[in-house]
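# Here you go, sequence then predicted model.
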Protein chains: 2
Amino acid sequence: MLGLMMDFPLTLSALLRHTERSHARQEIVSRRSDRSLHRYTVGECLKNAQRFGAALRTLGAKPGDRVATFCWNHNRHLEAYFGVPASGFVLHTLNIRLGDDELAYIASHAGDRFALVDKSLLPLFQKFADRVEFERVIVVSDDGSVPDGTLDYDALIADAKAEPFPDLSDENAAAAMCYTSGTTGRPKGVVYSHRALVLHTLTGGGPDLMSVSAADTVLPVVPMFHANAWGLPFMCALAGAKQILPGQFLDAASIVELLERERVTIAAGVPTIWLGILQYLDANPVGHDLSRIRFMIVGGSAVPESMIRAFQERHGLRIVQAWGMTEMSPLGSMTSLRPDRKSLDVDARYAYDATAGMAAPFVEIRARNENGLVPWDDATMGELEVRGPWISSAYYNAGEDAAEKFTYDGWFRTGDVVTIAPGGHITIQDRSKDLVKSGGEWISSVQLESALMGHPEVAEAAVVAVAHPKWAERPLAVIIPKKGCQPTTSSLLEHLSDKFPKWWLPDDCVLTDALPRTATGKLKKTDLRATYKDHYKPVPSTSA
Amino acid sequence: MLGLMMDFPLTLSALLRHTERSHARQEIVSRRSDRSLHRYTVGECLKNAQRFGAALRTLGAKPGDRVATFCWNHNRHLEAYFGVPASGFVLHTLNIRLGDDELAYIASHAGDRFALVDKSLLPLFQKFADRVEFERVIVVSDDGSVPDGTLDYDALIADAKAEPFPDLSDENAAAAMCYTSGTTGRPKGVVYSHRALVLHTLTGGGPDLMSVSAADTVLPVVPMFHANAWGLPFMCALAGAKQILPGQFLDAASIVELLERERVTIAAGVPTIWLGILQYLDANPVGHDLSRIRFMIVGGSAVPESMIRAFQERHGLRIVQAWGMTEMSPLGSMTSLRPDRKSLDVDARYAYDATAGMAAPFVEIRARNENGLVPWDDATMGELEVRGPWISSAYYNAGEDAAEKFTYDGWFRTGDVVTIAPGGHITIQDRSKDLVKSGGEWISSVQLESALMGHPEVAEAAVVAVAHPKWAERPLAVIIPKKGCQPTTSSLLEHLSDKFPKWWLPDDCVLTDALPRTATGKLKKTDLRATYKDHYKPVPSTSA
């Protein structure tokens, strides 16, 4: 027996029709390339988004055509972000931090016909653009001039007519693309459907998740080209929240200035950004009124408990950890979701806040090791598998190697090794490729790193698996000390000794002044492993 | 180009899997027929829901079979509410306040195979049950005994095995039914799909709508058989909120006791209930700590501004008005949605709170009069038409007369005559059949009633169209005075005179001590019109 309800497709154009009807007078603030602030309303933003859609049609764009963006977070990027999918095209955010070979591959593989590029990013763009068959390059300029052979975004939309977004009929049509930049293999294209992004917006913006309301002012430091800015632009559009876009100025002083001046209530970014802000606030403790901030969403890599404590105890600011992946639109889990969090004692609450939290509604989870699905005992490690309405079922025109990312029954293999607690909360133990396999048992490099970051003399820590003649692999800690500090191996190991089994402790700790990173700022452990691959030869007498 | 996201159906079984994983330890409190309180966890409730699904299968229920309920709001009704649709059957809530002829028609028309009935309601149930082909009647008893020929719910589920809800594959399958009880014509069956109820839950529970979170304690006074208790049971399940179910005790003292004792944060019910609670609180002003209440959701019929003011000013309690229909799952609009509400002055805020508010995301609205679609000018009246993912597209096995409820392009005609303001907020002027058509112009009986309710000597007011030889129809006010009061027509008309054009004012006001009501407590204006049909004959000399 079928329901007798309207067949109303879940599309971003329907979502934005609600925004235009209900929230047109809300404000959007955006930092220009000269640091000044641009202000206008959501209604004006949506009119420009409609004009950009119309202009693309005039340029010959057909439904489903890919439109690349190569931009910072600013209002005109947001116009494209809304206007491209809501007009029936496919928004393809290019990550400006990737190398030019990767970018050339990604834009070509996606078949991007059009590109929207910040004038300030043209030098980077030009390094790969001639290897891509872009038909038109549209330049976002703050000074009124663009290079020959390109189109000026402002002039283009000035000539176009703002008409209501069309009634798109297929909620499963592609709305956006984003490529994952793995440390191995070719980048893989994730294709988001309208339905997935609408459901991600409705669920992710809910009361116990990102809880975006019309009363909020939201600052996404996380770039729109990084996993959709975690869905915040559409959550803000749905709720009618004020958006603050930082442009290219992501230094701590610039961000703190915006947080304070615009009375931000929710901010979001990767741990590196927040580490910088923490150091800035510690160095400049007075004169900042950040009392409007309800919480900061931090994700992208594990947040050390020490950072969560430091923000709360020294600055009264709460960090909510989110875990997700590009393949998950990206939201998978959040620490704000645990209903009994408030009843935990302070230490237990911090310990919980340093986990990945609870899976969002409709994100189903399970973990598997070589013995099959693991019990939810908060102890047994397994690779996390997920399914849900905003999770990839395949990659765009991918090779056969991509099939191994999915199980025989259609779940996505995250590559994250986790433990799951009886109540369902997830602790990320490691990326599967970064686990240390010592004598057949798994050791979590992430847990060791997080604990080492709590040592008073440690600025940053990386733990990698190094080949070992007896145990196959043993952990090695690579440490950036805090300025003027010189922590000893014995002091570092002692700091770990009451937190982990003895056999988990690194056999050695080495000090360094820099760690290798990927284009997106993640630790590049492959490089570290290569550097230290012979560190445990000959067999050290201290082996566990 | 299609998206490459998982085909994950939006079903209530998937929603409840999240509830069981994340919120199993939350509490549900339910009042028994002896007034005592039953307490258990969401996890136990869901286990029983699974057992009921298994028991129905054992009794021969097939996917899509209808299971009727004839129950108050209590924990075992909730188990059926969850277990029937999540197990693939169709929950059909029967309204215990309807007449037995109507109930016999409705249950037969829906093809109900099974019925779940409160023991205390058996006398009502038996009045129509023999006219329906129920195969099994299952009785909810608080004293351990049930009549011969019926099954004991507790014994039935005690024998059944709790197994996880199945992966239902079709989100468009029927999940629940509810019949509308119009004042004219046969009742019509609304069939909710899983998809519609999931989307209604996600959207309606959002931050600026019912905003149900894991920290909330929710008391739905509105019955589950009345438009799905406005979606609150599934919103609470999704968020992990605590639910308080009042059983059969809906008197003000019993409700206030629950509000206070269980520290309720959100309550919901029709205006009649809240009028009773207001009178109770006015009469018993001290000794109640209702400070946990965030807001009361009031809907089902128009809420007079005077009641909203009285709660806020005398008791510090906020009323949020919701408008919807059985055909809309039911949520259409809420006053909490207006983003600039807080910036209005006090009088403007109350005036706004007495409207139907702003349409929910994905509920699209337009209004039409004899000249076509009306402008959004807050002045021109038209019948409201709606579309959206949780709105009926048809009635179950309906006759041809049902087709007129839909426009040629598939919008649902609500039968409510409204004005729409430029920002999109809706003011319900009247049911189209209750409008007064005076000299070709429309007069809103609802607006006149709402204003009359603000007169200090008026307890209740009804305004009806009465035939008039010159103007075709003229308004007549029928008034229940407050105890010991005897308001004069001139005082009543003077109270209205600065709020409406002169030609809107009733030609006469009559006093009475009771108003006719439908089974669901709504004013029965057809009866009033019949009673007073000759009131304006012969032509009164005072006609406008």
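Thanks, I have it. Numbers count the residues shown, from 1 in each chain, chains lettered A, B, ... in the order given.
# mind checking which helix or strand residue A:214 is in?
Using DSSP states H and E, residue A:214 sits in no helix or strand.
# quick one: residue A:433 from chain B, how far?
Between residue A:433 and chain B the distance, using CB to the nearest CB, to the nearest Å, works out to 24 Å. In this view, the C-beta of every residue, glycine as well, is placed from N, C-alpha and C.
# Model confidence for that residue, exactly?
pLDDT, residue A:433: 83.
# For it, which non-adjacent residue is closest in space?
Among residues not flanking residue A:433 along the chain, residue A:415 sits closest, at 7.2 Å (CB to CB, 6 or more residues apart in numbering or on different chains).
# Could you break chain A into its assigned domains?
A:9-21+A:35-193, A:251-432, A:435-531 (automatic domain parsing).
# tell me which residues in stretch A:376-391 are buried?
A:376, A:380-391 (16 or more other CB atoms under 10 Å in any protein chain shown).
# Check stretch A:185-200 too.
By 16+ other CB under 10 Å, the buried positions in stretch A:185-200 come out as A:186-200.
# And for stretch A:258-278?
For stretch A:258-278, the neighbour count (16+ other CB under 10 Å) marks A:258-260, A:262, A:264-278 as buried.
# now do stretch A:161-172
Neighbour-count burial for stretch A:161-172 [16+ other CB under 10 Å]: A:162, A:165, A:168, A:171, A:172.
# Can you lay out these as a markdown table showing pLDDT?
Listed next are those as a markdown table, based on pLDDT from 0 to 100:
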| residue | pLDDT |
| --- | --- |
| A:162 | 94 |
| A:165 | 94 |
| A:168 | 94 |
| A:171 | 98 |
| A:172 | 98 |
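# Rebuild those as JSON lines, extending it with secondary structure and distance to residue A:420.
Shown next, in JSON lines, are those (DSSP: H, G, I helix; E, B strand; the rest coil; distance: CB to CB, whole Å):
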{"residue": "A:162", "secondary structure": "coil", "distance to residue A:420": "49"}
{"residue": "A:165", "secondary structure": "coil", "distance to residue A:420": "41"}
{"residue": "A:168", "secondary structure": "coil", "distance to residue A:420": "38"}
{"residue": "A:171", "secondary structure": "coil", "distance to residue A:420": "31"}
{"residue": "A:172", "secondary structure": "coil", "distance to residue A:420": "31"}
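# Please identify which pair of these lies farthest apart.
Longest distance between any two of these is 27.3 Å, between A:162 and A:172; criterion CB to CB.
# Apart from its chain neighbours, what residue comes closest to residue A:114?
Per CB to CB, 6+ apart, closest to residue A:114 is residue A:67, 4.5 Å.
# Would stretch A:416-423 count as contacting chain B?
Yes. Using CB under 8 Å from any CB of the partner chain, we find that stretch A:416-423 touches chain B at residue A:423.
# On the pLDDT front, check the residue nearest to residue A:114 for me.
In this model, residue A:67 is scored at 98, pLDDT.
# Could you confirm it falls within a strand?
Yes. Residue A:67: assigned to a strand according to DSSP: H, G, I helix; E, B strand; the rest coil.
# Quick check: it touching residue A:89?
Yes. The pair residue A:67 / residue A:89 is scored as a contact, 5.3 Å apart, by CB atoms under 8 Å.
# Find residues that contact each of those two.
By CB atoms under 8 Å, 6 or more residues apart in numbering or on different chains, residue A:67 and residue A:89 have these common neighbours: A:56, A:61.
# Which stretches in the stretch 351-500 of chain A count as helices?
Applying DSSP state H, counting those that start in this stretch to the stretch 351-500 of chain A gives helices spanning A:445-452, A:489-497.
# TSV for these, including mean neighbour count?
Converted to TSV, those look like this (neighbours: other CB atoms under 10 Å in any protein chain shown):
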stretch	mean neighbour count
helix A:445-452	23
helix A:489-497	16
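# Tell me which strands the least confident helix or strand in chain A by mean pLDDT pairs with, and in which orientation.
For chain A, counting by mean pLDDT, DSSP states H and E, strand A:441-443 ranks last in confidence among helices and strands (a mean of 85). Here strand A:441-443 has these sheet partners by DSSP bridges: strand A:436-438 (antiparallel).
# For the strand it pairs with, give me every contacting residue.
A:442-445, A:463-465, A:468, A:471-475, A:503, A:544.
# Drop anything exposed from these.
Among the contacts of strand A:436-438, the ones that count as buried by 16+ other CB under 10 Å are A:442-445, A:463-465, A:468, A:471, A:473-475, A:544.
# quick one: which of the residues you listed is nearest residue B:220?
Checking the buried ones among the contacts of strand A:436-438 against residue B:220 with CB to CB, the nearest one is residue A:444 at 44.9 Å.
# what's the burial count for residue A:340?
13 (other CB atoms under 10 Å in any protein chain shown).
# Equivalent analysis for the one 10 residues further on, please.
Number of residues near residue A:350 (other CB under 10 Å) recorded here: 17.
# how close does it sit to residue B:104?
Residue A:350 sits 61 Å away from residue B:104, going by CB to CB, to the nearest Å.
# again, but for residue A:250
69 Å.
# Also residue A:506?
Taken as CB to CB, the span from residue A:506 to residue B:104 is 77 Å.
# out of those two, which sits in the more crowded spot?
Using other CB under 10 Å as the criterion, residue A:506 and residue B:104 rank with residue A:506 on top: 26 against 17.
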